[in-house]
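*Asks:* Generate coordinates for the sequence data below:
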Amino acid sequence: MDIFVRPGDSLWLYSQLFRIHLQLIIDSNPTIHPQNLIIHQKIKIPGFITNNYQIKSGDSLWHIARKKGISVDMILMANLNLDPYHLQIGQTIQIPKRITSKIIFGKQDYDYDIMMNDIRHLQSIYPFLKVSTIGNSVLGHEIPELKVGIGDKKVHYNASFHANEWITTPIVMTFLNDYLLSLTNSKTIRDISPSNLYQQTSLSIVPMVNPDGVNLVLNGPPANEAWRNQVVSWNNNSWDFSGWKANIRGVDLNDQFPAEWQKERARNPKSPGPRDYGGEKPLSEPEAIAMAELTKKSHFARVLAFHTQGEEIYWGFENLEPAESEAMVEEFSRVSGYEPVRNIESYAGYKDWFIQDWRKPGFTVEIGHGVNPLPINQFDEIYQKVLGIFLAGLYL
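*Replies:* Residues are numbered from 1 along each chain as shown. Next up, the predicted model:
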């Protein structure tokens, strides 16, 4: 929500009036000098929107403010040059409204367009949420990274490496929505202070690594005839893509990383298809390259890749994981009920490469239980179990 600076205003005043942490207001206005506000300058207040209100006979700002549960000052700040003593019947003014409930509805077929609309909506309400593009998919879809927090500890979560594991995206997005809500409403999440997490950590989220694949599973083949014919052919001439894990070129993105890649290639398909083909070389696919480049420049303290299914947490790779990983995975297990699994015969994954090259904690979290793609009616149960992992990933 935009408000307009008046003589004598300060960001501290806005923080008190709107009951929003000062740091969130500062971070929502990166181009504003906090000590040098300019009269009529726009200031973004996170956690609020404005609604149109049409003046009726007998209205006053005091009456309207009382009815809406806000202050007259809040109304004046949201309406540049509003004369409170000369309201006109039929005049439209802006009324601030605090957002106190989720805007994301995760229990649906959550494709790329829905995600991008939700990201835009979140950023408009929570402008301290930083959104950037780390690269593009084969079909040109931007792959967004979302960042929250100002702390030195950098934590990374990602989802939907695998196309038919798309439920991980709305699960992660729902956590992000809850985190933002708690920050702007000064509410704890499971007795954990979000303000402390915000100050101590910088959370990076890539909510959909494989947008082309997710759209293929949910919406069917692309309209382009060449791509349509190709993916149907790779899918054994079937139009049922529920078993498709790969990107649109038939390459499994979580078999793309240079961590014993040859071992994974030796036992897997040697040509494009729905799953397990790791490409002709590591990091051949733009989505995997984007994740690798992001990781190289970001200096993450730990990474958590969310997959489905099995209610397990994989945390080791070739005995290269640091000692602290064990205590972390035990806490993840405690708060979720998921089973820690140190080593499996699997290579070339994102967390494998992260552990190998940085010797820092990396985890693959297999959410839910059943057959992929998991039914959406599991959403609430999955979210309640994995919420503890999202939080522990930040506070540990």
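
*Asks:* Show me what counts as buried in stretch 63-73.
*Replies:* Ile64, Ala65, Ile70, Ser71, Asp73 (16 or more other Cβ atoms under 10 Å). Yep, even glycine has a C-beta here, placed from its N, CA and C like the rest.

*Asks:* what's the span of it, first residue to last?
*Replies:* 13 Å (Cα to Cα, to the nearest Å).

*Asks:* Need the contact partners of stretch 272-280.
*Replies:* With Cβ atoms under 8 Å, 6 or more residues apart in numbering as the test, stretch 272-280 has contacts from 162, 234-235, 241, 243-246, 249-252, 255-256, 261, 264-265, 268-271, 285, 348.

*Asks:* Give me the buried subset of the residues you listed.
*Replies:* Neighbour counting with 16+ other Cβ under 10 Å marks 162, 234-235, 241, 243-246, 249-252, 255-256, 261, 264-265, 268-269, 285, 348 as buried within the contacts of stretch 272-280.

*Asks:* Just the ones in helices from those residues, please.
*Replies:* Trp234, Trp261, Glu264, Arg265 (DSSP state H).

*Asks:* Next, format those residues as JSON lines and append pLDDT and distance to Tyr277.
*Replies:* Formatted as JSON lines, those follow (pLDDT from 0 to 100; distance: Cβ to Cβ, whole Å):
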{"residue": "Trp234", "pLDDT": "98", "distance to Tyr277": "9"}
{"residue": "Trp261", "pLDDT": "98", "distance to Tyr277": "12"}
{"residue": "Glu264", "pLDDT": "97", "distance to Tyr277": "10"}
{"residue": "Arg265", "pLDDT": "97", "distance to Tyr277": "9"}
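
*Asks:* from these, which two are the most distant?
*Replies:* Based on Cβ to Cβ, the longest span within those runs between Trp234 and Trp261 and measures 21.1 Å.

*Asks:* can you pull out the helices in the chain?
*Replies:* Using DSSP H, the helices of the chain run over 11-18, 22-28, 61-68, 72-78, 112-125, 168-185, 194-200, 211-219, 225-234, 261-267, 286-298, 324-336, 350-358, 379-395.

*Asks:* For Leu37, which of those helices is the nearest?
*Replies:* For the helices of the chain, distance to Leu37 was read as Cβ to Cβ. The smallest value, 7.5 Å, belongs to helix 11-18.

*Asks:* Quick check: Glu165 touching Ala305?
*Replies:* No: Glu165 lies out of contact with Ala305 (Cβ atoms under 8 Å); the separation is 10.4 Å.

*Asks:* joint contacts of those two?
*Replies:* Common neighbours of Glu165 and Ala305 (Cβ under 8 Å, 6+ apart) are Ala159.

*Asks:* Looking at the helices of the chain, spot the one closest to Met1.
*Replies:* Closest of the helices of the chain to Met1 is helix 72-78, at 6.8 Å (criterion: Cβ to Cβ).

*Asks:* Now the closest one: average pLDDT?
*Replies:* When pLDDT is averaged over helix 72-78, the result is 97.

*Asks:* Name the residues of it that are buried.
*Replies:* By neighbour count on 16+ other Cβ under 10 Å, the buried set for helix 72-78 is Asp73, Met74, Ile75, Leu76, Met77, Ala78.

*Asks:* Gly243 versus Gln384, what's the distance?
*Replies:* Distance, Gln384 to Gly243, using Cβ to Cβ, to the nearest Å: 28 Å.

*Asks:* With Ile70 instead?
*Replies:* Using Cβ to Cβ, Ile70 is found at 52 Å from Gly243.

*Asks:* Kindly report the same for Asn36.
*Replies:* Using Cβ to Cβ, we find Asn36 at a distance of 59 Å from Gly243.

*Asks:* and if you look at Arg190?
*Replies:* With Cβ to Cβ as the criterion, Arg190 and Gly243 are 36 Å apart.

*Asks:* just Ala392 next, same as before
*Replies:* Counting by Cβ to Cβ, the gap from Ala392 to Gly243 is 32 Å.

*Asks:* quick one on the thing from earlier: from the ones in helices among the buried ones among the contacts of stretch 272-280, pick the one nearest Thr364.
*Replies:* Ranked by distance to Thr364 (Cβ to Cβ), these are led by Glu264 at 14.1 Å.

*Asks:* Spell out the residue ranges of the strands in the stretch 1-150 of the chain.
*Replies:* Along the stretch 1-150 of the chain, the segments classed as strands by DSSP state E, counting those that start in this stretch run 2-4, 42-44, 48-54, 92-98, 130-136, 142-148.
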